[in-house]
Every structure is written in structure tokens, then in C-alpha cells.
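Colleague: Got a sequence here, can you model it:
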Amino acid sequence: MRSAGLINTLVGLLPLAALPVQASRCKPRNDDFCAAHVDVVSALHVDAAATPYCLSYLSVSTVTVESTVSVTPPASVDIVSSTITAETVTSTVVSEDIRSSESTVISTHVSFSTSTITLTTSTTTVTCLNSAYYVPRPFDKRGDGTAKRRARPPTVLNRTPVGEPPVLQMPDEIPVDWPASAVSQICSCLALPTPTTTVEVTVSLDPSIQIVTRTATHVPSATVTSVLESLALSTYTSVLESVTLVYETEYAVATAINTDGGKLNYRRYDSPYNADNANSGFTSSQFSPNNPDRPGVLSTGMLASLTFSTPNWPNGGTYLDLDGDSFDSAQAAILFQGFFVAQQQGTYYLETNENYVDNYAYMWTGDDAYSMWNDDNAAFKASRTGDGNFGGYTTLDLYIGDAVPITYLWANGGGVGQSYIVMYTPGGVETTDLTGYFVPACDNSVFA
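Modeller: The predicted structure follows:
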């Protein structure tokens, strides 16, 4: 059994509401949600990757503002000379007429981006299931429960948004199994301003200046210079981009699983194995629906716990009472099947101790639990026999509201007997009381 110190390190996450449909990406800010997840908001504020990710996730486009710099090039000069003779001395007269002008035309282009807000209008409650149920996730997951890594695309700056924005990697601070509505909410908590970028536009003015020079010569003589100037008018256009978000509301129905009074169905069989024998030949396939020689069902019932024993175990008699079903358990095998429903988000441990299992305890979860279970695909196999004592455990990484199929086989190999399953919750609680964690199958054919 793992130490209590290790178990106490499993910290539970705050529960989030389960949504069965695709949640929206853009959701108005919810101050209560932000306050409840202030640790995630604080971590995102210091993560450089959080801002571009959330801007992209909320479909907020960058506004481009142009700054204009005017540059006047040097004037071009054409000189034309002529010689004249005069009898008088002429004084010099210079005339200057310098003009410059620029004209700016500004146009604004507005584009529209539509986002959907999903609101839950009603809840459907079920008390049994015909298949596993998983709360919708915004991202695929690897087998280890972490988000698949996505390559970071290069930053793209366009005056006019074209197509979809680049997909950025989700920051590690955001739990990978949050629904899209929660990711949208946590991004809104950052209160990010609309990003802008300034583009400097250089405008070259062409003055097209022409200078005409006339020269009069005499002995004594003087020069008369007349300067004539003309200036061309330059015009440029600045286009400002802006994005307007348009919200659409979508209404959905949520699913809730009621585990109050929930139990697992069980079937009881005769077990022909002697646990005192090191080579008893025990196999779970003896009780499999795929075994044409499986023994007949002696009784059926429902039970909310997987921990039970004969009176005064490890002493006492061999009669066992399961919720009113009383029988001699010395050579009994009991097969439990149904669905385990997560009440918290995180990792659950289901374990049996080598010194408490008496005599065989096998467990299957997920798709293997339906009908194809056998010795090779068991989540754990524990036993206390003449061959030695062996414990076992399995883990379930779940989001609140997830329901996974589970099959548990307990068998006795003579004398008193005990089934012992302890659960460690994501919040660090150790308990053998599994009340409120099970619901049965709606039909016997679910677990053939």
C-alpha cells in the first residue's frame, strides 16, 4: 500500500460544470469564475505565451496603425544662360517663391468576427448508463493525460486578416481537460487590451523644382538673377483596420448522472479453486461470458461497496450476507459490473492490500470491462494463496462527471473470505466507502 504522505500530495482541482456540447471560445468575463481560479490567472499573467494564446483563442485581431514620415528630396536645377549688352549698370534682384504641400486621405476598413456563446438552459439527469460518458474536452490528450504539444507557428502580421488565425500552444497553467467555455473564461480574466501595431510609412515628395537664370553683361556690368519655383502636390492614403466581434448565443442541454443510491450489479457463481494450493490454476476466464463452459448464475443483486467479509474475518464462519443475499462463500465467486462516476477532477486510486484480499481480486476498467476481459488485460490482479500474497491497484484520470465502465471479480478458495478495495480520491481522502461513486447499467446486455 502506498504511504499516506504520497497520497496526501494528490491535490484536487476546483470542479467545473460539465457540458456535453462544444463550448464557445468567446465568453463574457465572469468575476466569480476569475476569483475561484485566481491561482491560474496569476500564473498566466507571468507566462509570456499566455497573452498571444488567449488573443488567438478569443479571436482578437491586431489593429494596424500607420505613422507617416514625409521626406523632401533635393531639388533638381536646370540652368539656361544668355549674354546681353547694356549701357547702364544693372543691380541684382532675386525673387523666391517656395511652397510645399501634402494631402492625406484616411479610410477605415471594419471586419466582423462572429463568436458563439453557449448557455445551458436545462439539465437531463440519468440514474443508469448504457455506455461510458465523458465530459467534452477542448483538446485531445495523450495516454499520460497531458495535452498534445503543438508547434508554435511564426508570428504573422497582415494589414487585412486572411483566413483563420494561427493555432498557438495552450499554456501549461491551463488544465488540459478544461472545456472550451472554461478556457474562454480564464482568458477573459486576463482583461487583455486590443493589440495594436504601428507601421511607419515613408512618403517621398517630388517638388519638381525648375530654376531659370538670365544673365545681362556690360562693361561695367551686373548680373540679374530671377528664380522661379514650382512645387508638385503629393497625396497618400492610410488604411486603418479594425475588427468588430459579433456574439451569437447557442442554447444547450447538460447531462447529469445521479449516483444517489447508485450500486453495481453482481452475479454469484461457484468457484472450483483451492487457494491453499500454490498451483490452483485460478483464471478469471472461468467466469467470462466468452467461456461456453462458464458455471451457472446462482444469484444476482446490487451492492454499493466492494469491501465486505465473512463475520469476524479472518476467523468465524463462511456464510456471507450481501444486502440480504445470504450464502456459504467458501467456494464462491462474485462478478460486479457497472460504471464508476468521478465526483472530483483528478486521479483516483483503487487498491487492494496483499494482506487483506482473501483470496482473489481482479479488476478491469474502460472498454476491457464490458465483455472482453481476461487475465491478460486486467487493470490489476491480486491474490492471497499458497503461492504468496500479492496486492494490486489501478488509477483513473477523470474529469468531474466522467463515468467509466468497471468490472470487479472476487473469488474465495475455501474457508473465510474477504474483499477489500480502498479508494484514494484526488483530494487525498482514503476510504473503503464507495457510496455515491457507482451507477448500474440500464440493461443486462451492456455487460454481456
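Colleague: Which parts of the chain belong to which domain?
Modeller: With domains defined by automatic domain parsing, the chain comprises 4-61+115-194, 264-439.
Colleague: wait, which of those is closest to Ser445?
Modeller: Nearest to Ser445 among the domains of the chain is domain 4-61+115-194 (8.7 Å), distances taken as Cβ to Cβ. C-betas here are computed from N, CA, C, even on glycine.
Colleague: Can you check the pLDDT for Thr249?
Modeller: Thr249 carries a pLDDT value of 53.
Colleague: any low-confidence regions in the chain?
Modeller: When residues are selected by pLDDT under 70, those of the chain lie in 1-29, 69-124, 137-167, 199, 201-255.
Colleague: what about 80?
Modeller: Low-confidence segments of the chain (pLDDT under 80): 1-30, 58-125, 136-168, 192, 194-256, 259-261, 448.
Colleague: which residues of it fall in helices?
Modeller: Listed from the start of the chain, the chain has helices (DSSP state H) covering 4-8, 31-36, 38-45, 50-57, 180-188.
Colleague: Burial-wise, tell me which of those helices comes out on top.
Modeller: Highest mean neighbour count of the helices of the chain: helix 180-188, a mean of 23 (counted as mean count of other Cβ atoms under 10 Å).
Colleague: Pretty sure Leu192 sits against Tyr53.
Modeller: No: shown here, Leu192 and Tyr53 do not form a contact pair, counting by Cβ atoms under 8 Å, at 10.5 Å.
Colleague: Might you report the residue contacts of Gly296?
Modeller: Residues near Gly296 by Cβ atoms under 8 Å, 6 or more residues apart in numbering: Tyr269.
Colleague: wait, Trp410
Modeller: Counted by Cβ under 8 Å, 6+ apart, Trp410 has contacts Leu306, Ala333, Ile334, Phe336, Tyr360, Ala361, Gly417, Ser419.
Colleague: Who is the last one paired with across the strands?
Modeller: On DSSP bridges, the residues paired with Ser419 through beta bridges are Phe308.
Colleague: dump the residue contacts of it.
Modeller: Contacts for Ser419 (Cβ under 8 Å, 6+ apart) come out as Leu306, Thr307, Phe308, Ser309, Ile334, Thr352, Val357, Ala361, Trp410.
Colleague: which one of those residues has the most neighbours?
Modeller: Thr352 (30 neighbours; other Cβ atoms under 10 Å).
Colleague: how about that one, what does it touch?
Modeller: Listed by Cβ under 8 Å, 6+ apart, the contact set of Thr352 reads Ala361, Phe380, Ala382, Gly391, Gly392, Tyr393, Ser419, Tyr420, Ile421, Val422.
Colleague: Over to Gly261?
Modeller: Counting by Cβ under 8 Å, 6+ apart, Gly261 touches Ala304.
Colleague: which one of the contacts of Trp410 sits closest to Asp443?
Modeller: Nearest to Asp443 among the contacts of Trp410, counting by Cβ to Cβ, is Phe336 at 16.7 Å.
Colleague: Quick check, the closest one in contact with Thr407.
Modeller: Yes: using Cβ under 8 Å, Phe336 is in contact with Thr407, at 7.1 Å.
Colleague: Give me the neighbour count for Arg325.
Modeller: Careful, residue 325 is Asp and not Arg. Neighbours of Asp325 (other Cβ under 10 Å): 16.
Colleague: if I pick it, what's in contact with it?
Modeller: Counting by Cβ under 8 Å, 6+ apart, Asp325 touches Arg268, Ser299, Gly301.
Colleague: Show me what it bridges to in the sheet.
Modeller: Note on Asp325: beta-bridge partners by DSSP bridges are Leu322.
Colleague: Check Thr352 too.
Modeller: On the basis of DSSP bridges, Thr352 is bridged to Gly392.
Colleague: what does Glu66 give?
Modeller: When bridges are called by DSSP bridges, Glu66 pairs up with Val199.
Colleague: roughly how far apart are Asn359 and Tyr319?
Modeller: When distance is defined by Cβ to Cβ, to the nearest Å, Asn359 is 17 Å away from Tyr319.
Colleague: Which one's more surrounded, those two?
Modeller: Neighbour count, other Cβ under 10 Å: between Asn359 and Tyr319, Asn359 has more, with 27 against 13.
Colleague: Surely the more buried one and Gly417 touch.
Modeller: Yes: contact criterion Cβ under 8 Å: Asn359 and Gly417 qualify, at 6.6 Å.
Colleague: Endpoints of stretch 298-311, how far apart?
Modeller: End-to-end distance of stretch 298-311: 21 Å, with Cα to Cα, to the nearest Å as the criterion.
Colleague: what does stretch 399-413 give?
Modeller: Taking Cα to Cα, the first and last residues of stretch 399-413 lie 38 Å apart.
Colleague: ok, now stretch 423-434?
Modeller: Stretch 423-434 end-to-end distance (Cα to Cα) = 8 Å.
Colleague: mind listing what's buried in it?
Modeller: Within stretch 423-434, the residues scored as buried using 16 or more other Cβ atoms under 10 Å are Met423, Tyr424, Thr425, Pro426, Leu434.
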